[in-house]
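1. 3D, please:
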Amino acid sequence: MINISWLQTFCKLVDVGHFTQTSEALYMTQSGVSQHIKKLEQQLDTALLIRSGKSFTLTEAGITLHHQGKILLHSMTELESTIKEDEPHTGTVKISSPGSLGLKLYPHLLSIQQQHPELSIDYSFAPNSDIERRITARKIDIGLITERSKHQDIISEKIALEPLVLITSSEVKTINWQVLRKLGFINHPDGAHHAQLLLSKNFAEFEHIEQFRHSGFSNQVSLILEPVSRGLGFTVLPIHATRAFNNQANINVHKLGHSVSEPLYLCRNRYSFETKRIRFIKSVISNFIEDF
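-> Numbering: from 1, shown residues only. This next block holds a predicted model:
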């Protein structure tokens, strides 16, 4: 392991560019600075500086160590700050979920933020695959997905079941296989997955979504039902996305013989530090989902 004290001295020296000024900045003797550099070179078994009188230039190893060392020292400073200032109602929590859930959850989280002004909620809407990538890349703290993740770096906790429903325009009173084939499918980012879950349980003829004419696509959950309401096709969505549509009179939610619910998983990166604010928001989400 690289000695952090020696690394700090090295990075400071490179930033300042002068041994005397570095020793003054670090409240060390000049010989102490030189000793740190020498010990670091001995530990790494490579030269880091090429000395020329009172000046120096960096070797290739020195350039690499300075670049990577600065990143490491910055990360350590952030970690120390995070741990020391870890409060449940202070800081930013980054969350991502499918749109159907977000339509209900995001306004609730904003109400929580109003109660705790030092808390910041960053919320993004995305399909399952994108959410998994963001979790593994540590771009978000909490992900909500509808399929249990198989990624080894992701911890998944099942927290709810959300019913799936088939929706047409209000002009369609009864539903059967022939009607669906005639209407065509209005797709969305999770459309094939939702259709597979619901239609395979209710229609013996169903094999895959390509059996239906492609009648449109939208990646905006609030707009998916707009073409459906105009009679341009049918779709399958979680019930909460359906209830959030602002023109309920123009859609018809059909009761099928076999109900199907989609599981909801709360996920996080296995190796990310879980702050108190993240644990707080996780509890808020779990409690809210229970009351759906």
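2. rest of the way, CA atoms for contacts and neighbours
-> OK.
3. Give the other helices and strands that the helix ranked longest in the chain contacts.
-> The longest helix of the chain (DSSP state H) is helix 60-84. Contact analysis of helix 60-84 by 3 or more C-alpha pairs under 8 Å, 6 or more residues apart in numbering; DSSP states H and E lists helix 4-16 as its packing neighbours.
4. List the buried residues in the helix it packs on.
-> For helix 4-16, the neighbour count (16 or more other C-alpha atoms under 10 Å) marks 6, 7, 8, 9, 10, 11, 12, 13, 14 as buried.
5. Can you name the next helix or strand after that helix?
-> Past helix 4-16, further along toward the C-terminus, the next helix or strand under DSSP states H and E is helix 19-25.
6. Dump that next one to CSV, keeping only the CA atoms.
-> What follows is helix 19-25, C-alpha atoms only, in CSV (Å, rounded to 0.1, in the frame of the first residue of the first chain):
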residue,chain,number,x,y,z
PHE,A,19,10.8,22.1,-2.6
THR,A,20,11.1,25.1,-0.3
GLN,A,21,7.6,26.4,-0.9
THR,A,22,6.3,22.8,-0.5
SER,A,23,8.0,22.5,2.9
GLU,A,24,6.5,25.8,4.0
ALA,A,25,3.0,24.8,2.8
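7. tell me the mean pLDDT over it?
-> Mean pLDDT, helix 19-25: 91.
8. same deal with stretch 259-272?
-> What stretch 259-272 shows for mean pLDDT is 92.
9. do the same with stretch 172-184
-> Per-residue scores along stretch 172-184 average to 96.
10. Run through who's touching it.
-> Residues from elsewhere that reach stretch 172-184 (C-alpha atoms under 8 Å, 6 or more residues apart in numbering): 203, 205, 211-215, 231-234, 252, 254.
11. Buried among those residues? Make that a ChimeraX selection.
-> Entered in ChimeraX, the line below selects the buried ones among the contacts of stretch 172-184, by 16+ other C-alpha under 10 Å:
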select :212,215,231,232,233,234,252
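12. export the contacts of stretch 172-184 to a markdown table and tack on secondary structure?
-> Below are the contacts of stretch 172-184 laid out as a markdown table (DSSP: H, G, I helix; E, B strand; the rest coil):
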| residue | secondary structure |
| --- | --- |
| 203 | coil |
| 205 | coil |
| 211 | helix |
| 212 | coil |
| 213 | coil |
| 214 | strand |
| 215 | strand |
| 231 | coil |
| 232 | coil |
| 233 | coil |
| 234 | strand |
| 252 | strand |
| 254 | strand |
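13. Any chance you could list what contacts the helix or strand encompassing residue 42?
-> Per DSSP H and E, residue 42 falls inside helix 30-44. With C-alpha under 8 Å, 6+ apart as the test, helix 30-44 has contacts from 2-3, 5-7, 9-10, 19-20, 22-23, 47-48.
14. change it to 10 Å
-> By C-alpha atoms under 10 Å, 6 or more residues apart in numbering, the residues outside helix 30-44 that reach it are 1-13, 18-24, 26-27, 29, 45-49, 61-62.
15. tell me the angle it makes with helix 60-84.
-> Angle between the axes of helix 30-44 and helix 60-84 is 100 degrees (criterion: axes from the mean of the first three to the mean of the last three C-alpha atoms, to 10 degrees).
16. helices and strands around the next helix or strand after helix 30-44, which ones?
-> The helix or strand immediately downstream of helix 30-44 is strand 49-52, counting by DSSP H and E. Secondary-structure packing of strand 49-52 (3 or more C-alpha pairs under 10 Å, 6 or more residues apart in numbering; DSSP states H and E): helix 30-44, strand 55-58, helix 60-84.
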